[in-house]
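A.B. asks: Sequence plus the predicted model coming up.
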Amino acid sequence: MKILKYFDISWFSSVDGPGTRVVLYLLGCNLRCPWCHSPHSWESSSPLLYFESRCTKCGECVDICPNGVHEVSNGVHLVNHSQCNHCGACIEICPSSDINKWNTSALGFAGKDIEVSELYQLLKPQLDLLKHIGGLTVSGGDPLVQSKALAELLKICTADGIHTTVETSATLNKKHIEELLPYVNHWLIGLRPSRTDKVEDWKQLLSNIQLLAAHNPNQITIRTPIIPGYTDTQIGYDMIIEVMRANGIKSIEILPYNPYSENYYKAMGLKYPLEGIQLPSNEELIGIKGVFTSAGINAKIIA
Ligand code: SF4
Ligand code: SF4
């Protein structure tokens, strides 16, 4: 049985695919978008996360760390992330942390390795409840990174009559898509032309969309985040419309930028790339929706 690496599970979502869904977030992503709202999902193993608001500055972590990562003085806690070797000793000793609950702890690793069958048993009670009104959505990171193990999980789901959705930026080689294709009922594809795109990623994305649309264009919903200064251009919207028309794809979801991700960059000791960004107003979002609806596309704002 294969192993999947995940960092979070949302047990009840009405905005991540058809109906009401469990959302499984997998580790690992091949892209590094400046607007990424989960930088802690980039690598296949989580970096050490430090959430200052949950830290009492007790100093227990300072002496236990073999690499001098932590320094606490005068009520200030400095963390030298680059020296961490992921031994976990500081998390074990920290009175404000639980190794199994990183998202309520001061220190943690946002990741867990789990056998596919064990993961399915964990998800199954909730999936059984949602069976007739939704299903399982797998997001990330990018789920294509772990396509082999994910195919095993989705195969079990489909055999049990669970509806499956995969959310991906679809910029990895088509073999990852082909591994999943028999077991995916719906695809949420990130399509958001930006000045930061690499040409090879864009070409791969277009080729993967063609592959999926040839299978069934009605099983695809395009998702585009509106990131001021990056993805909010008329040229970008026109490109999306052209790709959707060429592939017979009828639906798009517009996602306003999520400003709460700054917390994760801070927890990783990284500079927040979108410092000071102005969020799009409701009027702007409605205007963008209008660009797509007037092109004959079903457009929805996901708030
Ligand atoms: S042991 Fe935990 S609560 Fe104490 S200083 Fe370190 S991170 Fe903060
Ligand atoms: S995980 Fe280990 S090496 Fe990293 S900061 Fe904690 S004690 Fe130090």
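C.D. replies: Ah, there it is. Ligands and ions are numbered 1, 2, ... in the order given.
A.B. asks: what's the single longest strand in this protein?
C.D. replies: Identified as the longest strand of the chain according to DSSP state E is strand 3-13.
A.B. asks: Show me what that one pairs with in its sheet, parallel or antiparallel.
C.D. replies: Taking DSSP bridges as the criterion, strand 3-13 pairs within the sheet with strand 20-26 (antiparallel), strand 112-115 (antiparallel).
A.B. asks: who touches the last one?
C.D. replies: Taking Cβ atoms under 8 Å, 6 or more residues apart in numbering as the criterion, the residues outside strand 112-115 that touch it are 1-7, 122. To be clear about C-beta, it is placed using only N, CA and C from the backbone, and glycine gets the same treatment.
A.B. asks: Out of those, which two are the most distant from each other?
C.D. replies: Between any two of these, the greatest separation by Cβ to Cβ is 20.2 Å, found for 1 and 7.
A.B. asks: who has more neighbours, the two?
C.D. replies: Set residue 1 next to residue 7 and count neighbours by other Cβ atoms under 10 Å: residue 7 wins out with 22 against 9.
A.B. asks: Please identify the most buried of the strands paired with strand 3-13.
C.D. replies: Across these, averaging neighbours per residue (mean count of other Cβ atoms under 10 Å) puts strand 20-26 on top, at a mean of 22.
A.B. asks: residue ranges for the helices of the protein, please.
C.D. replies: 60-64, 89-93, 116-130, 147-159, 174-180, 199-215, 234-247, 262-267, 282-293 (DSSP state H).
A.B. asks: can you list the ones you listed in JSON lines and add distance to ligand 1 and mean pLDDT?
C.D. replies: Shown next, in JSON lines, are the helices of the chain (distance: least, Cβ to the nearest ligand atom, whole Å; pLDDT from 0 to 100):
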{"stretch": "helix 60-64", "distance to ligand 1": "3", "mean pLDDT": "97"}
{"stretch": "helix 89-93", "distance to ligand 1": "6", "mean pLDDT": "98"}
{"stretch": "helix 116-130", "distance to ligand 1": "28", "mean pLDDT": "98"}
{"stretch": "helix 147-159", "distance to ligand 1": "33", "mean pLDDT": "98"}
{"stretch": "helix 174-180", "distance to ligand 1": "38", "mean pLDDT": "98"}
{"stretch": "helix 199-215", "distance to ligand 1": "38", "mean pLDDT": "96"}
{"stretch": "helix 234-247", "distance to ligand 1": "42", "mean pLDDT": "97"}
{"stretch": "helix 262-267", "distance to ligand 1": "11", "mean pLDDT": "95"}
{"stretch": "helix 282-293", "distance to ligand 1": "39", "mean pLDDT": "97"}
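A.B. asks: Go through those and name the closest to residue 20.
C.D. replies: helix 116-130 (5.4 Å).
A.B. asks: Return that closest one as PDB; C-alpha atoms alone will do.
C.D. replies: Extracted as PDB, the C-alpha positions of helix 116-130 are listed here (Å, rounded to 0.1, in the frame of the first residue of the first chain):
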ATOM      1  CA  VAL A 116      -3.700   5.100   1.700                       C
ATOM      2  CA  SER A 117      -5.900   2.500   3.300                       C
ATOM      3  CA  GLU A 118      -5.500   4.200   6.700                       C
ATOM      4  CA  LEU A 119      -6.300   7.600   5.200                       C
ATOM      5  CA  TYR A 120      -9.400   6.200   3.600                       C
ATOM      6  CA  GLN A 121     -10.600   4.800   6.900                       C
ATOM      7  CA  LEU A 122     -10.000   8.200   8.400                       C
ATOM      8  CA  LEU A 123     -12.100  10.000   5.700                       C
ATOM      9  CA  LYS A 124     -14.800   7.300   5.200                       C
ATOM     10  CA  PRO A 125     -17.300   8.200   8.000                       C
ATOM     11  CA  GLN A 126     -17.600  11.800   6.700                       C
ATOM     12  CA  LEU A 127     -17.500  10.700   3.100                       C
ATOM     13  CA  ASP A 128     -20.400   8.300   3.800                       C
ATOM     14  CA  LEU A 129     -22.400  11.100   5.300                       C
ATOM     15  CA  LEU A 130     -21.800  13.300   2.200                       C
END
